[in-house]
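Chemist: Turn this into a model:
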Amino acid sequence: MSAGELVAGAFRRLAPRPYARARVVLFPHGGGSASYYRPWLTAAPWDVEFLAVQYPGREDRFAEPVPADMRGLVDTLAVDLPLAGPPTPTVLFGHSMGAVVAYEVARRLTAAGDPPAALVVSGHPAPHLARPGQVHLGSDDELIQELRRTEATHLEILDDPVLIQAFLPVIRSDYRLSETYRPLPGVRLRAPVTVLYGDRDPEVTVAEATGWHEATDGACELHVFPGGHFYLDEHRDAVVELLTARARAISATSAVPWPSTP
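Modeler: Presented below is the predicted three-dimensional model:
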């Protein structure tokens, strides 16, 4: 597989890391795409490979239908797992909707006997505390207003009537997926979980973040950042550093041999 090539159907390598000792897989928020994580490359180290997930219905997968529910999305992503290449300790990271997508993928991998080494979730209540909602049932104007409130979409898109009409069906589908989500039946997670959230995020309370400890038999710890729902835009380097530290710590204790450097 050549440097920079797509990894399976859903996974995009942000940059070649031929001597990577660990891997971090990044799951975007609702309405987001793999390209959201491309700026993270500037803070990514040489020894950890960062991959971004591309959900159906956006960018180079625009023609593919968006799954109707979480089970459908996890089934779609699972087709491309396990990832190609040698065994590598893997950390899953997801923000907002991506947090529960990463969680359900982690459970799917656990059931298959190939669990992730760790899960890092951001900006979302614990799965059993997920909030129901009806934004996906509202008008286009109501949906756009919600996007402005959460700052989930660039203003230039929201102010462009042609662009926003192209994106709204996918965004509405993601809201439906999020607002109807309930934890899927299956195995319990065993991997350690790290929970990140902004101290002014209206989408997750302290209690909802703390609740993630009930989602795993592994350890669970919390990290609070200054900011709102998209605190990670301002604190990108700190988040990448945290993910890198998790990945390096796991690779140091992994039985998988490290690749040799030149």
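
Chemist: pLDDT below threshold where in the protein?
Modeler: 1-8, 82, 84-85, 137-138, 150-159, 254-262 (pLDDT under 70).

Chemist: ok, now with 50
Modeler: Scanning the chain with the threshold set as pLDDT under 50 gives 1-6, 257-262.

Chemist: Would you map the strands across it?
Modeler: 6-7, 11-13, 22-27, 48-53, 90-95, 118-122, 193-198, 220-225 (DSSP state E).

Chemist: Tabulate those strands (JSON lines), appending distance to residue 172.
Modeler: Every C-beta, even on glycine, is put in place using the N, C-alpha and C of the backbone. JSON lines is the format used below for the strands of the chain (distance: least, C-beta to C-beta, whole Å):
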{"stretch": "strand 6-7", "distance to residue 172": "27"}
{"stretch": "strand 11-13", "distance to residue 172": "24"}
{"stretch": "strand 22-27", "distance to residue 172": "19"}
{"stretch": "strand 48-53", "distance to residue 172": "20"}
{"stretch": "strand 90-95", "distance to residue 172": "19"}
{"stretch": "strand 118-122", "distance to residue 172": "23"}
{"stretch": "strand 193-198", "distance to residue 172": "25"}
{"stretch": "strand 220-225", "distance to residue 172": "29"}
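
Chemist: Mind putting those into TSV with mean neighbour count and distance to residue 106?
Modeler: Shown next, in TSV, are the strands of the chain (neighbours: other C-beta atoms under 10 Å; distance: least, C-beta to C-beta, whole Å):
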stretch	mean neighbour count	distance to residue 106
strand 6-7	16	18
strand 11-13	21	15
strand 22-27	26	10
strand 48-53	24	13
strand 90-95	27	5
strand 118-122	27	5
strand 193-198	24	9
strand 220-225	16	13
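
Chemist: which stretch among the ones you listed comes nearest residue 239?
Modeler: Minimum separation from residue 239 across the strands of the chain (C-beta to C-beta) falls at strand 193-198, 6.8 Å.

Chemist: mind listing what the closest one pairs with, with the direction of each?
Modeler: strand 118-122 (parallel), strand 220-225 (parallel) (DSSP bridges).

Chemist: what does the first one contact?
Modeler: In this case it means strand 118-122. 91-96, 98-100, 102-103, 106, 189, 191-197, 212, 216, 232, 239, 242-243, 246, 250 (C-beta atoms under 8 Å, 6 or more residues apart in numbering).
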